[in-house]
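Participant: kindly generate the corresponding structure for this input.
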Amino acid sequence: MEPLIIFMAAAEFAVRLYVLRGVWRLPLKNGEGFFLAQRVGPGFYQGAGAPLLRRYRISLLVPVFLDAPLALWFIAGHRYTPLFFQQIIAVVATFVVYNVIATHFNYRAVALVAPEENPPATIQISMEPRRLRDHTNFAVEAVIALTVGLAIALLAWNASLPTHHGVRRIVVLTIWILYLQLGLLLLKGVFVRWRMTLPARRTEDFRRWRSTWLSYHLKLFDAIRVLSALVLASTVPLRLYVPVTRPSIIIIGSVWVVILAVYIYYVARENRRMRAVEREIKPIELVKEFPRRPVPEGRFLAGGLLYFNRDNPGVLVRSAQGIAINLARPTAYLWPAYFIGMATLMIWMVR
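Facilitator: Reported below is the predicted structural model:
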């Protein structure tokens, strides 16, 4: 099975490189009159914009190289299954980190643009309830619950099997996937509850684009959840009941390849749909409808990277240096705790 697992891990890494290729060109996507979503003046990229663009692109490489030592260690130790699931986590983290990086550098560009180039405008606050259950596909949840529940039931039924059946490894794998499922659900909640302002003009166009953008990301997260659940559901019976023979490996391997191919096709299709809506609505033209977001009042720490204000409901707020984390919000501690737990689980899984 090793060649198949290596292929799947390589495919996940290829997805990360494909995303990197897209965000690398993002600042200039709408021409030299923009840096990301911020209008800039003539000569911006020959002046203050040149070092900003360089720092932006250097920051994009950090998620790619940050986990490289761990991935190389897995490869050197022939631990290809942990490598596969580590790359799944890396794919999700890449999408999230790139969104944060884009927001951060967009605010950095705002600080470099003269006020007259970004005149005030009128906006509205969306009062639409932001509830996760309104963006939940119950068919997807049923598939995940059924497959994961079946895997756990098989493990419980065969808990007394000798260790050479691989029960212990499957238990570790099951815990890992359950932890991944938890993280993706938390991430969906963050995207659903993301505060949204509306322009006074072309409001419905903006709503449509924002709805498409949100739907794409939520479907991406659900696709990863289904993919990991199906891998678990196919791995458990393979390790417990199917003799390790060439025909069985070919059959199971073919099933995994089909699952991965369907996943890649599905994500690519949803991405094309979102791009089609973007080409029709041209959301970048709506930027001029939004006023410049001010730097909020409160205490900034660590050079503007951290912020403290109990009266500000935002977790990520604008600072003079880009974005800052509001330490007064409990949610600011949730994700560090989750990733610390993930690192701990990874170490335990490898050992």
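
Participant: show me how this protein divides into domains.
Facilitator: Per automatic domain parsing, the structural domains of the chain span 1-118, 122-293.

Participant: need these in a markdown table (columns: mean neighbour count and mean pLDDT).
Facilitator: In short, each C-beta sits where N, CA and C put it, glycine included. Below are the domains of the chain laid out as a markdown table (neighbours: other CB atoms under 10 Å; pLDDT from 0 to 100):
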| stretch | mean neighbour count | mean pLDDT |
| --- | --- | --- |
| domain 1-118 | 16 | 83 |
| domain 122-293 | 15 | 78 |
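
Participant: nearest to residue 334, of those?
Facilitator: Residue 334 lies closest to domain 122-293 among the domains of the chain, at 7.1 Å (CB to CB).

Participant: which residues of the stretch 201-350 of the chain fall in helices?
Facilitator: 203-240, 246-281, 331-350 (DSSP state H, counting those that start in this stretch).

Participant: figure out which of the ones you listed is closest to residue 45.
Facilitator: Evaluated over these, closeness to residue 45 peaks at helix 246-281, with 22.7 Å, by CB to CB.

Participant: now the angle from that closest one to helix 203-240?
Facilitator: For helix 246-281 against helix 203-240, the angle between stretch directions is 170 degrees (axes from the mean of the first three to the mean of the last three CA atoms, to 10 degrees).

Participant: centre of the chain to helix 246-281, how far?
Facilitator: Centre-to-centre, helix 246-281 and its host chain are 17 Å apart (CA atoms, centre = their mean, to the nearest Å).

Participant: and the nearest residue to residue 220 once chain neighbours are set aside, what does it touch?
Facilitator: Spatial nearest neighbour of residue 220, excluding adjacent residues (CB to CB, 6 or more residues apart in numbering): residue 267 at 6.0 Å. Neighbouring residues of residue 267 by CB atoms under 8 Å, 6 or more residues apart in numbering: 15, 220, 223.

Participant: now the strands for the stretch 101-250 of the chain?
Facilitator: With strands called from DSSP state E, counting those that start in this stretch, the stretch 101-250 of the chain shows them at 123-125, 197-199.

Participant: now the last one: how far from the chain's centre is it?
Facilitator: Read it as strand 197-199. Taking mean C-alpha positions (CA atoms, centre = their mean), strand 197-199 and its chain are 24 Å apart.

Participant: check stretch 83-94 too.
Facilitator: 10 Å.

Participant: who touches it?
Facilitator: 5-6, 8-9, 12-13, 15-16, 19-20, 63-64, 67, 70-71, 74-75, 173, 176-177, 180, 183-184, 187, 221, 224, 227-228, 342, 346.

Participant: and stretch 42-62, by the same measure?
Facilitator: Residues outside stretch 42-62 that contact it (CB under 8 Å, 6+ apart): 20, 23-24, 27-28, 32, 35, 40, 97-98, 101, 105, 108-109, 112-113.

Participant: so which of the residues you listed are in helices?
Facilitator: Residues of the contacts of stretch 42-62 located in helices (DSSP state H): 20, 23-24, 97-98, 101, 105, 108-109, 112.
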